[in-house]
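K.L.:
structure of the sequence below:
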Amino acid sequence: MAMIKCPKCGEGISDKSTTCIHCGHVLIEESKVFCEECGAEIEKNEEICSKCGCPVNKQSENVEQQEVEGAKATSENGVSKKKLIIGIVAVLAVIGIIFGAVSINKHNEEQRAKELAEQEEQKAKELAKQYEKNLNTIVYKMLNGAADAESCGNKIKKVWSNTIWEDDDPETDKYTKTNGVFNEDFNTSLTALFTDPDFMKTIDDIEKNQSEVNKIMKDMKNPPEEWEDAYKEIVCNMESYLADPYVLRQELKQVNSDSYIGYIGIHDFDNDGVPELIIGDTVSIGIFTYEDGMVKKIADLYEPEDWGGINGVHYRENTIILVNNGSDGSCYVCLSYHDGEYVTGVFDEYNPDTATVNGKEVTEEEFKMRFDFVGLSRDSSIPRSRMKKEDGIVTALVIDAIRQEDEYILIEDLDFGAIKW
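P.N.:
Here you go, the predicted model:
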């Protein structure tokens with residue numbers, strides 16, 4: 001049993017009361033019973049109709065009583081049902097939150113993918129625009145260069161012809177005549193033309209124009225790749241990227257602080273279309289690759305401590321061999337790429353029983369076969385390069401393989417194709 005408040009006077013009463021004991025307010029009206037035979041109203045305790053004598057049907061009263069009790073039961077269980085509803089709402093809310101989070105995450109991923117696609121599209125548009133600009137520049141320069149070259153050619157022809165035929169011409173007289181008299185040899189006239197400052201400047205402009213056209217055409221044919229810019233950064237700051245296990249590089253700096261000898265080259269060891277960078281000096285050689293938008297170091301190669309620096313670097317098919325030559329033998333440090341993996345090895349001719357490949361001991365014959373020592377000699381070493389430094393940064397190179405009159409090649413103009421191994 002539970003206590004409820006009377007809806008009329010507000011006093012507390014039993015929930016089973018049909019009438020308020022305080023004010024008499026009827027809470028549950030007593031249902032009236034009518035005779036099924038004659039329809040007359042039957043009093044509560046009567047068992048037969050006082051009008052016609054028909055027995056009273058108690059079943060209908062039971063049904064009504066059950067309905068009243070059912071209503072009370074609903075009132076008693078109201079709290080439980082309320083909790084059930086709240087629980088259901090809470091579960092639905094959690095499901096909604098999870099679904100919302102998944103939807104937001106999916107939306108963010110789609111938005112990011114869209115942004116990346118737009119960036120790539122913009123990059124492609126900028127590249128196409130630059131190509132169009134380069135093409136227009138080439139056409140303009142070629143036409144101007146051709147016109148200037150034709151003008152020079154015509155002037156040369158005119159000087160030659162007027163000298164032979166002794167034709168007066170205000171444009172050519174200063175070349176074809178000496179002291180007012182025509183030169184007997186047309187070569188004298190041509191020499192005067194080619195030493196004329198104005199004509200020399202025109203020739204220089206034509207050559208400069210041609211050089212610019214060649215460079216632009218080369219850029220259009222071979223647009224710069226991301227790995228080139230990344231490798232140039234390593235070349236400029238190579239000492240920051242190279243190993244110095246025995247602190248030998250500091251001694252090199254003391255000998256010469258603004259330039260020193262080193263090695264540089266590229267080779268696509270794994271044949272993935274992006275070559276690896278090989279760079280170093282007499283202390284160590286670093287092997288770098290470009291992957292997933294960033295530079296990664298593959299290996300540091302250097303001689304054992306007792307041997308010191310590197311005397312030579314040799315290259316064979318997918319193999320690099322570092323050498324330190326001694327009076328009675330040499331020490332070799334090697335790296336090669338075969339069957340999808342990089343392999344390193346060390347071999348000391350003073351201690352031939354200690355040859356190793358990937359840390360495992362092997363025989364001298366196995367080592368030399370593994371790293372292709374056939375025909376190896378001091379003459380087969382890779383040419384070294386002289387590196388010019390400013391404030392500790394490498395700014396230019398003299399590469400023996402492609403140098404022209406010992407001229408430095410600026411890092412920004414470095415053509416990696418020229419140093420491909």
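
K.L.:
ok now the helix or strand that contains I206, how far from the chain's centre?
P.N.:
Per DSSP states H and E: I206 is located in helix 197-221. Per Cα atoms, centre = their mean, to the nearest Å, the displacement of helix 197-221 from the mean C-alpha position of its chain is 36 Å.

K.L.:
can you name the element that comes right after that helix?
P.N.:
Once the chain leaves helix 197-221, the next helix or strand it forms, by DSSP H and E, is helix 226-236.

K.L.:
other residues contacting that following helix?
P.N.:
Under the criterion Cβ atoms under 8 Å, 6 or more residues apart in numbering, residues 241, 264, 266, 274-275, 277, 279, 286, 288, 290, 293-295, 393-395, 397, 411-412, 414, 416 lie in contact with helix 226-236. Glycine gets a C-beta too; all of them are placed from N, C-alpha and C.

K.L.:
cutoff 10 Å now
P.N.:
222, 224-225, 240-242, 262, 264, 266, 273-277, 279, 286, 288-291, 293-295, 297, 387, 389-390, 392-395, 397, 411-412, 414-417 (Cβ atoms under 10 Å, 6 or more residues apart in numbering).

K.L.:
can you tell me which of the residues you listed are in helices?
P.N.:
In helices, defined here by DSSP state H, the members of the contacts of helix 226-236 are 240-241.

K.L.:
follow-up on the earlier one: for the helix holding I206, buried residues please.
P.N.:
For helix 197-221, the neighbour count (16 or more other Cβ atoms under 10 Å) marks 199, 202, 206, 209, 213, 216 as buried.

K.L.:
also stretch 367-379?
P.N.:
367-368, 370-373, 376.

K.L.:
next, the most centrally placed residue in the chain: phi, psi?
P.N.:
Nearest to the geometric centre of the chain sits G293, at 2.8 Å (Cα atoms, centre = their mean). The phi/psi pair for G293 (degrees, to the nearest 10) reads phi 80, psi 10.

K.L.:
residues contacting it?
P.N.:
Residues counted as contacts of G293 (Cβ under 10 Å, 6+ apart) are 226-227, 230.

K.L.:
ChimeraX command to pick out the buried ones of those?
P.N.:
A single ChimeraX command selects the buried members of the contacts of G293 (16+ other Cβ under 10 Å):
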select :227,230
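
K.L.:
ok, the contacts of G293 vs L143, which is closest?
P.N.:
E226 (34.1 Å; Cβ to Cβ).

K.L.:
and this structure, split by domain according to the record?
P.N.:
The chain resolves into domains spanning 3-70, 127-221, 238-419 when parsed by automatic domain parsing.

K.L.:
which of these has the lowest average pLDDT?
P.N.:
Among the domains of the chain, domain 3-70 has the lowest mean pLDDT, at a mean of 73.

K.L.:
please enumerate the helices of the protein.
P.N.:
Using DSSP H, helices in the chain cover 58-76, 78-165, 173-176, 186-194, 197-221, 226-236, 238-241, 249-255, 364-370.

K.L.:
may I ask which two of the buried residues of stretch 367-379 are separated the most?
P.N.:
Maximum pairwise distance among these (Cβ to Cβ): 13.2 Å, between R370 and L376.

K.L.:
find the residues that touch each one of these two.
P.N.:
Joint contacts of R370 and L376 (Cβ under 10 Å, 6+ apart) do not exist.

K.L.:
from the contacts of G293, pick the one nearest I4.
P.N.:
E226 (80.7 Å).

K.L.:
contact partners for the nearest residue to K51 once chain neighbours are set aside?
P.N.:
Spatially, and ignoring its direct neighbours in sequence, K51 is nearest to A40 (4.2 Å; Cβ to Cβ, 6 or more residues apart in numbering). For A40, the contact set (Cβ under 10 Å, 6+ apart) comprises 34, 49-52, 54.

K.L.:
repeat that for 8 Å
P.N.:
Counting by Cβ under 8 Å, 6+ apart, A40 makes contact with 34, 49-52.

K.L.:
one step back: can you list the domains of the chain in a markdown table and add distance to E109?
P.N.:
Converted to a markdown table, the domains of the chain look like this (distance: least, Cβ to Cβ, whole Å):
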| stretch | distance to E109 |
| --- | --- |
| domain 3-70 | 55 |
| domain 127-221 | 27 |
| domain 238-419 | 19 |
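
K.L.:
K158 against W165, yeah?
P.N.:
No: counting by Cβ atoms under 8 Å, K158 does not reach W165; the two are 10.6 Å apart.

K.L.:
more crowded one of the two?
P.N.:
K158 (17 against 9; other Cβ atoms under 10 Å).

K.L.:
now that one: how far from D167?
P.N.:
Using Cβ to Cβ, to the nearest Å, K158 is found at 9 Å from D167.

K.L.:
repeat that for Y290.
P.N.:
Y290 sits 65 Å away from D167, going by Cβ to Cβ.

K.L.:
which residues does stretch 185-194 contact?
P.N.:
Residues from elsewhere that reach stretch 185-194 (Cβ under 8 Å, 6+ apart): 155-156, 159-160, 162-164, 172, 174-176, 178, 183, 199-200, 203.

K.L.:
among the residues you listed, which ones are buried?
P.N.:
Burial by neighbour count, judged by 16+ other Cβ under 10 Å, picks out 155-156, 159-160, 162-163, 172, 175-176, 183, 199 from those.

K.L.:
which one of those residues sits closest to M3?
P.N.:
Closest to M3, out of all of the buried ones among the contacts of stretch 185-194 and judged by Cβ to Cβ, is F199, at 122.2 Å.

K.L.:
V398: how many residues sit nearby?
P.N.:
Summarising burial for V398: neighbours were counted as other Cβ under 10 Å, giving 18.

K.L.:
isn't it right up against R384?
P.N.:
No: applying Cβ under 8 Å as the test, V398 and R384 come out as separate, 9.7 Å apart.

K.L.:
ok so, going back, which of Y290 and D167 has more neighbours?
P.N.:
More crowded of Y290 and D167, by other Cβ under 10 Å: Y290, with 20 against 13.

K.L.:
who's that one bridged to?
P.N.:
Y290 has the following beta-bridge partners by DSSP bridges: V295.

K.L.:
what residues are up against it?
P.N.:
By Cβ under 8 Å, 6+ apart, the contact set of Y290 is 226-227, 230-231, 274, 296.

K.L.:
what do you get if the cut-off is 10 Å, keeping everything else the same?
P.N.:
Contacts for Y290 (Cβ under 10 Å, 6+ apart) come out as 225-231, 272, 274-277, 296.
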